[in-house]
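Participant: A structural model of the following input is requested.
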Amino acid sequence: MCVCFLVTAANLLYSSLILRWRIAEQMLDMLDWSYVHEVLDVGCGSGILLNAVGLRLKKERAGGGCAVGVDLWLEGGKKSMSFTLQNASLEIVDEYVTCKTGEPRNLPFEDDHFDAVVSAMCLHKLSSESGPRSAEACEERLKGLQEIVRVLKPGGKAVIWDLCHVNEYAVKLKDLHMSDVKVSSCIPAYMMQSHIVSFKKPGQMS
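Facilitator: Numbering: from 1, shown residues only. Okay, the predicted model is just below:
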């Protein structure tokens, strides 16, 4: 029984990694790489999406561009900044990738800073003690969404993959007068519903 459990766990982990890589590529295909130079990944974790951005910059920008990952790191282990940067080195994209410490609801960047912003499986974690369906939790998630809007350049595009609350994000984005707000069809993930929402910030890219 122990062996069966370990095999099942290994298969789930492998399936999760394959899913994340597939969705990362799908997300990045939504961006126009002719103008994208600096990209922010909010809640980058171990760097699956971040490194995919680095690989895309390496291919599309011919030696230019920067992928910035931001997260709340732990010392040591797979939730540390050093582990994420090591993964970037293994993918041979370390010259394109950098990491910073930051809270999604208070990103450490100036307004209108990034050409594009991406985020995978992050905003739904911004809940409260009263539970993910509470008004307080909704407010926290939308704070994270508003920060993404704030740091995105006018004319820039953001692509967000998340669980359960994406329609909530779409409504808020329209309230914020974002343009070209689109929600993907359902993507089964972790035995739950997930979607990708994308939008553009009105204005011209400088």
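Participant: Tell me where the protein has helices.
Facilitator: For the chain, the helices defined by DSSP state H occupy 2-28, 48-60, 81-90, 135-151, 166-175.
Participant: Now do the longest one, average pLDDT.
Facilitator: So that's helix 2-28. Average pLDDT, helix 2-28: 66.
Participant: Next: the second one.
Facilitator: Mean per-residue pLDDT for helix 48-60: 96.
Participant: what packs against it?
Facilitator: helix 2-28, strand 38-42, strand 66-71, helix 81-90, strand 97-101, strand 114-120 (3 or more C-beta pairs under 8 Å, 6 or more residues apart in numbering; DSSP states H and E). From N, CA and C alone the C-beta is placed, and that goes for glycine too.
Participant: Taking helix 81-90 as reference, get the angle to that helix.
Facilitator: Calculated by axes from the mean of the first three to the mean of the last three C-alpha atoms, to 10 degrees, helix 48-60 forms an angle of 30 degrees with helix 81-90.
Participant: buried stuff in helix 48-60?
Facilitator: 48, 49, 50, 51, 52, 53, 54, 55, 56, 57, 58 (16 or more other C-beta atoms under 10 Å).
Participant: do you know how far the closest residue to residue 77 other than its chain neighbours is from residue 21?
Facilitator: Nearest non-adjacent residue to residue 77, counting by C-beta to C-beta, 6 or more residues apart in numbering: residue 83, 6.7 Å away. According to C-beta to C-beta, to the nearest Å, residue 83 stands 18 Å off from residue 21.
Participant: residue contacts, residue 189?
Facilitator: 19, 23, 163 (C-beta atoms under 8 Å, 6 or more residues apart in numbering).
Participant: Which residue, neighbours along the chain excluded, lies closest to residue 52?
Facilitator: Spatial nearest neighbour of residue 52, chain neighbours left out: residue 24 (4.0 Å); criterion: C-beta to C-beta, 6+ apart.
Participant: Identify the bridge partners of the residue nearest the centre of the chain.
Facilitator: With distances taken as C-alpha atoms, centre = their mean, residue 119 lies nearest the centre of the chain, 1.3 Å away. According to DSSP bridges, the residues that bridge with residue 119 are residue 42, residue 160.
Participant: wait, doesn't it sit right on residue 160?
Facilitator: Yes - Residue 119 is in contact with residue 160 according to C-beta atoms under 8 Å; the separation is 4.8 Å.
Participant: list the residues that contact both of the two?
Facilitator: Common neighbours of residue 119 and residue 160 (C-beta under 8 Å, 6+ apart) are residue 148.
Participant: Residue 172 versus residue 44, what's the distance?
Facilitator: In terms of C-beta to C-beta, residue 44 sits 22 Å off from residue 172.
Participant: Residue 113 now?
Facilitator: Look at residue 113 and residue 172: by C-beta to C-beta, they are 21 Å apart.
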